[in-house]
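Trainee: The following comprises the amino acid sequence and a computationally predicted model.
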Amino acid sequence: MTNNRKGPLSPFLIFSLLALSLLTLSRLSLAVWQADRVSDADGWLTILIQGLRVDIATLCWLLILPAMLATLLPQAGIFGKIWRFVLRVWLVGGLWLMVYMELATPPFIIEYDLRPNRLFVEYLIYPKEVFSMLWVGYKLELAIGLIGSLLTLFLGWKFSGYAVKRMSVTKWYWRPLMALLVVVVGVMGARSSLGHRPLNPSMVAFSSDPLVNDLTLNSSYSLFFAIKNMSSEKSATKFYGTMPEQEIIDLVRQSSGKTGEFISEEYPTLNVNEPSYTGKKKNLVILLQESLGARFVGSLGGLPLTPNLDELMKEGWNFTQMYATGTRSVRGIEAITTGFSPTPSRAVVKLSKSQTNFFTIAELLGQQNYHTQFIYGGESHFDNMKSFFLGNGFQNIIDENDYENPVFKGSWGASDEDLYNMAHKQFTQLSKSDKPFFSLVFSSSNHSPFEYPDGRIQQYDADKQTRHNAVKYADYALGEFFKKVKQSDYWDNTIFIVIADHDASVHSTKPVPVNRFHIPALILGKDILPRQDNRIVNNSDMPVTLMSLIGVRSVSPMLGHDMTKPLAPEFERAMMQFDKNFGYLTRNKLVILSPEKQPSGYRYNFDTKEITPEEATDMQKSVAKANALWGSIAYNKGLYRMPDAENVARILQERDNSLTAQTNTEED
């Protein structure tokens, strides 16, 4: 009778061949889908060959432990049955994960232009919002994922039974040698390199197009690599290299354009900014607009979707060259509330060390006797906002649970109409007090799955639930809000800023797509004169500017520019974090830092939005690198904070005494 049993490693070889076939098929399908971009990068062969390398490494990490055990453990008796069951679960579970992640990849690429990464994990901790969003807007994708999962589990389990049943064991004296061989080959395959560093995405990156580089990976590898990086949260030096700390501080100070304003060696960026307005302190309202890129704003050269904002831009201080620091809401919140420089790490809103004793303008204004609050239509714990805000100066938070009988409620909570109705109610009440107030109001209607009430707008697209229609609705709600505001008691003594957190679905073939960081920013108020400001500005410049406009003399670590004051063109700049790449934009140069590469120079054409290679000077590269590294240093060493109120008063008194003495000396 013929013995059909195979060696102890046969199931691993069979499943590896199956997984490699499926991953290659998926990669090839994605490449065909993105054929134009792959062809432009001349990447067909590289994607397939390097992709196979990544897949083999992935399988080695997955299978090295069970393969080693399979060479050592017995196959007979009750123990053998338990082991074969565990092995089947391991093999089928691994296969399912790889198949599921590949099925989830196309919709993720459509939204983020990358394979699943840390965003995939971060959203999983908010099941209510995420599953509600998926159910409303992604039923087809959910169905495909479910069917694919069921087929994989069913067929995989049957196939694993066939494969595992035919395993055989070798003689006892060969087992240790075979186990050692499995470990050696498995580790070498997982490392996929004889160099100091094992395989990582930068090793197989070859294009300036981030998505093309991501196609070389598989989504399981991409996801777990992101999880590994999230667990460590190492500083930017891991990505961009090192620089002496004092040199970083000196360059960051110099490039800020602030002269003689830094007042502490303990906190290197702590500085004093004198306000341009010196009357009674004004209220401050930040209206943070979800995903409103300049390409959706008619007056900024975009689509005709924002007639109300376009009209308001004729009435106030309009920044035509405003750039976001990132592509996520938490990055926009980080910039507008803290003025912090972007880093390749997560935004400080979500990092552990910044949950308390981290500078925010809410803390600063609290010391100035302001009432500080955050108003949101959804659940404020999303993206860790509630914890961060409450730990850093926000006294009051209003979210989804505080809305009674909302006009409309979608996956992300109450609609923008409800949000602004709540804001108007709050401001009306707060204005009756002698205490000034600061409020951060964060919209959410312009977010997938784009839900909003009927009968408000003339649809731009035939299908209702599209981004274009959501932008129009968000603009409608904003316009209705300002009709009330201009008739209110608080209008005369309040400064408003309408600003986006980031653009929507940032896609690009460039390492940093500058045009997709272009966002609207408009400051309004009774005493704000109409103005079109064409200077390059970051959203991280706005906190400093707003403090100046409301009459707050600030002691803070913020490096942003006070745009109420003259700014030499050489100090105009914007910093942008795009995944692992950092861009430093000035009038005549764009310097981009990418992981484990030297800084590269480009020319950005502000009219055509085109980026072309152009060599940067050593100084331009050093300034960009210093600013890219500073945020991580400040975070890790706890340098981005301000003294308590008593010490602030002392610092200001000492500064006043010094200035008085200097004035007297000059007069003598």
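Mentor: Noted; the coordinates are in hand. Predicted model, so just to flag it, every value in this text is computed and none were measured. Numbers count the residues shown, from 1 in each chain.

Trainee: quick one: low-confidence parts of the stretch 201-350 of the chain?
Mentor: The model of the stretch 201-350 of the chain has pLDDT under 70 over residues 229, 232-235.

Trainee: What segments of the stretch 101-250 of the chain are strands?
Mentor: For the stretch 101-250 of the chain, no strands are identified by DSSP state E, counting those that start in this stretch.

Trainee: After the helix or strand where Gln321 lies, which helix or strand is next?
Mentor: Using DSSP states H and E, Gln321 falls within strand 317-323. Sequence-wise, the next helix or strand downstream of strand 317-323 (DSSP H and E) is helix 329-338.

Trainee: in that next one, what counts as buried?
Mentor: 329-338 (16 or more other CB atoms under 10 Å). From N, CA and C alone the C-beta is placed, and that goes for glycine too.

Trainee: which helices and strands sit right next to the helix or strand following it?
Mentor: The element immediately downstream of helix 329-338 (helix or strand, assigned by DSSP H and E) is helix 361-367. On a contact count with 3 or more CB pairs under 8 Å, 6 or more residues apart in numbering; DSSP states H and E, helix 361-367 meets helix 329-338, strand 371-376, strand 437-442, helix 542-549, strand 554-556.

Trainee: and the second one, how far out from the chain's middle?
Mentor: For strand 371-376, the gap between its own C-alpha mean and the chain's C-alpha mean amounts to 22 Å (CA atoms, centre = their mean, to the nearest Å).

Trainee: coming back round to it: could I get the helices and strands packed on helix 361-367 in JSON lines, plus columns for distance to Glu614?
Mentor: Formatted as JSON lines, the helices and strands packed on helix 361-367 follow (distance: least, CB to CB, whole Å):
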{"stretch": "helix 329-338", "distance to Glu614": "27"}
{"stretch": "strand 371-376", "distance to Glu614": "42"}
{"stretch": "strand 437-442", "distance to Glu614": "38"}
{"stretch": "helix 542-549", "distance to Glu614": "29"}
{"stretch": "strand 554-556", "distance to Glu614": "35"}
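
Trainee: Looking at the buried residues of helix 329-338, which is nearest Asn200?
Mentor: Arg331 (23.6 Å; CB to CB).

Trainee: Go ahead and confirm that closest one touches Pro342.
Mentor: Yes: using CB atoms under 8 Å, Arg331 is in contact with Pro342, at 6.2 Å.

Trainee: Which neighbours do those two have in common?
Mentor: Here Arg331 and Pro342 have 325, 577 as joint contacts, going by CB atoms under 8 Å, 6 or more residues apart in numbering.

Trainee: So what's the residue count around the nearest residue to Thr509 once chain neighbours are set aside?
Mentor: Excluding its sequence neighbours, the residue lying closest to Thr509 (CB to CB, 6 or more residues apart in numbering) is Asp209, at 3.9 Å. By other CB atoms under 10 Å, 22 other residues sit near Asp209.

Trainee: Would you list the strands that the strand holding Gln321 pairs with, along with their directions?
Mentor: Next to strand 317-323 in the sheet, as set by DSSP bridges, lie strand 518-524 (antiparallel), strand 531-533 (parallel), strand 537-538 (parallel).

Trainee: which ones are touching Leu478?
Mentor: Leu478 makes contacts with 287, 289, 308-309, 416, 420, 443, 498, as judged by CB under 8 Å, 6+ apart.

Trainee: Read off the pLDDT value for it.
Mentor: Note for Leu478: predicted pLDDT of 98.

Trainee: Please apply the same query to the one 4 residues further on.
Mentor: Residue-level confidence at Phe482 comes out at 98, pLDDT.

Trainee: Help me confirm that it comes into contact with Glu311.
Mentor: No: in this structure Phe482 lies outside contact range of Glu311 using CB under 8 Å: 9.3 Å.

Trainee: between the two, which one's more packed in?
Mentor: Comparing Phe482 with Glu311 by neighbour count (other CB under 10 Å), the higher total belongs to Phe482, at 21 against 12.

Trainee: Mind telling me what element the more buried one is part of?
Mentor: Per DSSP H and E, Phe482 falls inside helix 467-485.

Trainee: pull the CA atoms of that helix into PDB?
Mentor: Extracted C-alpha coordinates of helix 467-485, given in PDB (Å, rounded to 0.1, in the frame of the first residue of the first chain):
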ATOM      1  CA  ARG A 467     -18.200  64.800  -1.000                       C
ATOM      2  CA  HIS A 468     -19.100  67.700  -3.300                       C
ATOM      3  CA  ASN A 469     -22.600  67.800  -1.900                       C
ATOM      4  CA  ALA A 470     -21.300  67.500   1.700                       C
ATOM      5  CA  VAL A 471     -19.100  70.500   1.100                       C
ATOM      6  CA  LYS A 472     -22.000  72.500  -0.200                       C
ATOM      7  CA  TYR A 473     -24.100  71.500   2.900                       C
ATOM      8  CA  ALA A 474     -21.200  72.400   5.200                       C
ATOM      9  CA  ASP A 475     -20.900  75.800   3.500                       C
ATOM     10  CA  TYR A 476     -24.700  76.300   3.800                       C
ATOM     11  CA  ALA A 477     -24.600  75.600   7.500                       C
ATOM     12  CA  LEU A 478     -21.700  78.000   7.900                       C
ATOM     13  CA  GLY A 479     -23.500  80.800   6.000                       C
ATOM     14  CA  GLU A 480     -26.600  80.400   8.200                       C
ATOM     15  CA  PHE A 481     -24.500  80.600  11.300                       C
ATOM     16  CA  PHE A 482     -22.900  83.900  10.300                       C
ATOM     17  CA  LYS A 483     -26.300  85.400   9.600                       C
ATOM     18  CA  LYS A 484     -27.100  84.900  13.200                       C
ATOM     19  CA  VAL A 485     -23.600  85.900  14.400                       C
END
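
Trainee: Would you mark the buried spots in that helix?
Mentor: Using 16+ other CB under 10 Å as the test for burial, helix 467-485 gives 467-482, 485.

Trainee: Then stretch 271-282?
Mentor: Of the residues in stretch 271-282, those buried under the neighbour-count criterion (16+ other CB under 10 Å) are 271-273, 275, 277, 281-282.

Trainee: taking those one by one, which sit in strands?
Mentor: Counting by DSSP state E, these place 271-273 in strands.

Trainee: In this protein, what helix or strand scores lowest on average pLDDT?
Mentor: Lowest on mean pLDDT, DSSP states H and E among the helices and strands of the chain sits helix 645-667, with a mean of 73.

Trainee: Please compute how far that one lies from its chain's middle.
Mentor: 41 Å.

Trainee: For that helix, C-alpha coordinates in CSV please.
Mentor: The C-alpha coordinates for helix 645-667 follow below in CSV (Å, rounded to 0.1, in the frame of the first residue of the first chain):
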residue,chain,number,x,y,z
ALA,A,645,0.7,81.7,36.0
GLU,A,646,2.9,82.9,38.8
ASN,A,647,6.1,82.3,36.8
VAL,A,648,4.5,83.9,33.7
ALA,A,649,3.8,87.0,35.7
ARG,A,650,7.4,87.0,37.0
ILE,A,651,8.8,86.6,33.5
LEU,A,652,6.7,89.4,32.1
GLN,A,653,7.7,91.7,34.9
GLU,A,654,11.4,90.9,34.4
ARG,A,655,11.0,91.6,30.7
ASP,A,656,9.2,94.9,31.4
ASN,A,657,12.0,95.9,33.8
SER,A,658,14.6,95.0,31.3
LEU,A,659,12.9,96.9,28.5
THR,A,660,12.5,100.0,30.7
ALA,A,661,16.1,99.9,31.7
GLN,A,662,17.2,99.5,28.1
THR,A,663,15.0,102.5,27.1
ASN,A,664,16.4,104.7,29.9
THR,A,665,19.9,103.8,28.8
GLU,A,666,19.2,104.7,25.2
GLU,A,667,17.7,108.0,26.3
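
Trainee: Good, wrapping up.
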